[in-house]
Every structure is written in structure tokens, then in C-alpha cells.
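**Q** Dropping the sequence and predicted coords here.
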Amino acid sequence: MQRYFVNQINNDRVILNKEQEHHILKVMRMKENEEITCVNEGRVFLCKITSTNPLEVEVTNQLEEDNELKNKVTLLYCLPKGDKLDLVLQKATELGVYEIVLVQSERCVAKIKKEDEERKLERFNKIVLEASEQSKRSVVPLVNKIISFKDISKYSFDHQFIAYENEKEDSFYSELTKVNPGESIGILIGSEGGFSLKEVDFAKENNYHSISLGKRILRSETAVFYALSAIGFYLER
């Protein structure tokens with residue numbers, strides 16, 4: 001069933017934006033009496049199309065869903081090269097991430113110019129919105145403005161991890177066993193080439209715990225999928 005995130009519901013009447021109206025009528029070609037789900041402020045509603053000219057959608061019932069992780073997980077991700085970021089945003093959303101912070105680290109090949117940032121962020125948030133609808137989320141993750149590496153110090157979580165390929169001591173799983181329900185998690189993952197030793201030291205100084213993601217060296221995007229899958233699997237066990 002098609003899902004839409006809406007900003008307003010008035011007296012059980014769903015207020016859709018122009019893009020959503022176009023999608024319902026022109027892309028999905030929906031008819032009267034067809035049903036959709038609408039999400040407003042984290043609440044999920046079963047709705048019915050009562051008219052197509054003009055388009056009118058009304059709430060028929062509130063649904064009880066439990067599709068979100070019990071812990072808020074923030075991905076701090078260093079900009080990768082090429083079009084990998086689009087895929088990471090989509091899959092991170094499907095895997096339940098609550099927030100995404102884009103980071104410009106020392107070894108980032110990709111650069112986003114300041115004058116292009118607002119336009120890029122608009123597109124990134126659209127990717128996340130569509131992935132949230134597809135994966136039946138009740139929350140749309142926020143993609144934050146790009147920060148410099150030193151600004152990771154402005155973020156604080158109950159559990160803070162940096163994935164470091166040279167970490168030999170601590171496994172990710174052993175650290176996840178220390179996470180309690182409701183506690184926030186921040187996971188910092190590098191771009192191609194990983195982190196410099198200076199960055200790892202800086203992260204540790206700011207309470208990021210260095211963890212290993214296994215014996216093999218993972219690509220930047222694979223590391224994201226591995227880490228978020230491990231977190232989701234552990235939290236939903």
C-alpha cells in the first residue's frame with residue numbers, strides 16, 4: 001500500500017502537497033475508494049480516496065505500527081566519491097537510521113561547494129523521504145548540513161563509535177552488548193581511505209570508541225551497511 005508523509009490532517013481530511021497529488025493521480029492512477037497510508041507526526045493512518053476531482057483523502061482509522069528501532073541511531077558519514085552517497089542514504093534509511101550527518105574528513109575525495117550544498121541537501125532529503133515511504137517508516141531521517149571533521153565534537157550520544165580498520169582489540173558486537181534500550185548511538189564511518197591517525201585520535205578524545213567491523217577491509221558504503229545491519233540485528237534480537 002502506498003505511503004505518504006503529510007504535514008497536516010484537518011478533521012480527518014488529509015492535506016496533500018502538489019507533488020503527492022500528482023503522484024496519486026498521474027503516476028499511481030488511483031481511483032475513488034482506493035486506500036493509502038499517511039504519516040503525520042509519527043502517527044500512521046489508514047486513509048481512503050473519496051474523490052479524484054478534486055482529490056480528497058480522508059482518514060478511516062489510525063494504525064498501530066512498530067517499525068522503528070528502539071534506539072535512535074545517527075550515522076556520521078564521510079563524503080564518498082561518485083554516486084555512492086545516494087545509495088548509502090537510501091539503504092541507511094531502510095536499515096532504520098534516525099539521523100544522517102555528512103562529514104568532510106581529511107581523506108574525502110568528494111567535495112561539495114557551499115553554493116551547491118542547499119540544492120544537494122534538498123535532493124538527499126528527497127531520497128531519504130522516498131526510502132522512508134518504501135520501507136514503511138513512521139519517521140523520515142534528517143540529512144544534516146555537511147560539517148568539518150572537528151565538528152563531530154558538537155554531537156553527543158550515549159554510545160559513540162568510530163569504525164577503524166586498524167582496530168584489533170574491540171569488536172563491534174562486544175560494544176553493542178553494552179547498549180541499553182532507549183540509549184542513543186552514533187556511528188562514524190570514513191570515506192575511501194578511511195581516517196588519518198590524527199582524526200582517530202581526535203575522535204577518541206571526544207569519547208568515540210574505536211571498533212572493528214571484522215577481519216576484512218570493507219568499502220566505505222559496505223561498512224555503513226554492515227554497521228547498521230549489525231546494530232539493527234542486535235537491537236531487534
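**A** Arrived safely, thanks for sending. Small disclaimer: the values here were computed from a predicted structure and weren't measured.

**Q** all contacts plus neighbour counts: C-alpha atoms, from now on.
**A** OK.

**Q** how close does the residue lying farthest from the centre of the chain sit to residue 143?
**A** When distances are taken from the C-alpha mean of the chain, residue 53 lies farthest, 35.4 Å away, according to CA atoms, centre = their mean. Relative to residue 143, residue 53 is positioned 35 Å away (criterion: CA to CA, to the nearest Å).

**Q** what's the answer for residue 13, then?
**A** Distance of residue 13 to residue 143, computed by CA to CA: 29 Å.

**Q** Just want to know which of these two has more residues nearby.
**A** residue 143 (20 against 15; other CA atoms under 10 Å).

**Q** Would you enumerate the residues in contact with the closest residue to that one other than its chain neighbours?
**A** Nearest residue to residue 143, sequence neighbours excluded (CA to CA, 6 or more residues apart in numbering): residue 100, at 4.8 Å. Residue 100 is in contact with 74-77, 89, 141-144, counting by CA atoms under 8 Å, 6 or more residues apart in numbering.

**Q** Do you have the helices of the protein handy? List them.
**A** Using DSSP state H, the helices of the chain run over 18-22, 84-94, 114-134, 172-176, 197-205, 220-235.

**Q** Give me the contact list for stretch 81-96.
**A** Stretch 81-96 is contacted from outside by 68-69, 73, 79, 100, 108-110, 124, 127-128, 131-132, 135, 137, 140-141, 191-192, 221, 224-225, 228-229, 232, using CA under 8 Å, 6+ apart.

**Q** Name the residues of it that are buried.
**A** 85, 88-96 (16 or more other CA atoms under 10 Å).

**Q** Switch these over to JSON lines; also include distance to residue 63.
**A** Shown next, in JSON lines, are the buried residues of stretch 81-96 (distance: CA to CA, whole Å):
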{"residue": "85", "distance to residue 63": "33"}
{"residue": "88", "distance to residue 63": "29"}
{"residue": "89", "distance to residue 63": "27"}
{"residue": "90", "distance to residue 63": "25"}
{"residue": "91", "distance to residue 63": "25"}
{"residue": "92", "distance to residue 63": "25"}
{"residue": "93", "distance to residue 63": "21"}
{"residue": "94", "distance to residue 63": "20"}
{"residue": "95", "distance to residue 63": "22"}
{"residue": "96", "distance to residue 63": "19"}
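
**Q** would CSV of the residues you listed with pLDDT and distance to residue 117 be doable?
**A** Converted to CSV, these look like this (pLDDT from 0 to 100; distance: CA to CA, whole Å):
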residue, pLDDT, distance to residue 117
85, 95, 14
88, 97, 18
89, 97, 16
90, 98, 19
91, 98, 21
92, 98, 20
93, 98, 20
94, 98, 24
95, 98, 25
96, 97, 25
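
**Q** how far out from the middle of the chain is the helix or strand bottoming out on mean pLDDT in the chain?
**A** Among the helices and strands of the chain, helix 172-176 carries the lowest confidence by mean pLDDT, DSSP states H and E, at a mean of 90. Its chain's C-alpha centre and that of helix 172-176 lie 21 Å apart, by CA atoms, centre = their mean, to the nearest Å.

**Q** low-scoring stretches of this protein, by residue?
**A** The model of the chain has pLDDT under 70 over residues 170.

**Q** returning to what we had before: out of the contacts of residue 100, which are buried?
**A** Using 16+ other CA under 10 Å, the buried ones in these are 74-77, 89, 141-143.
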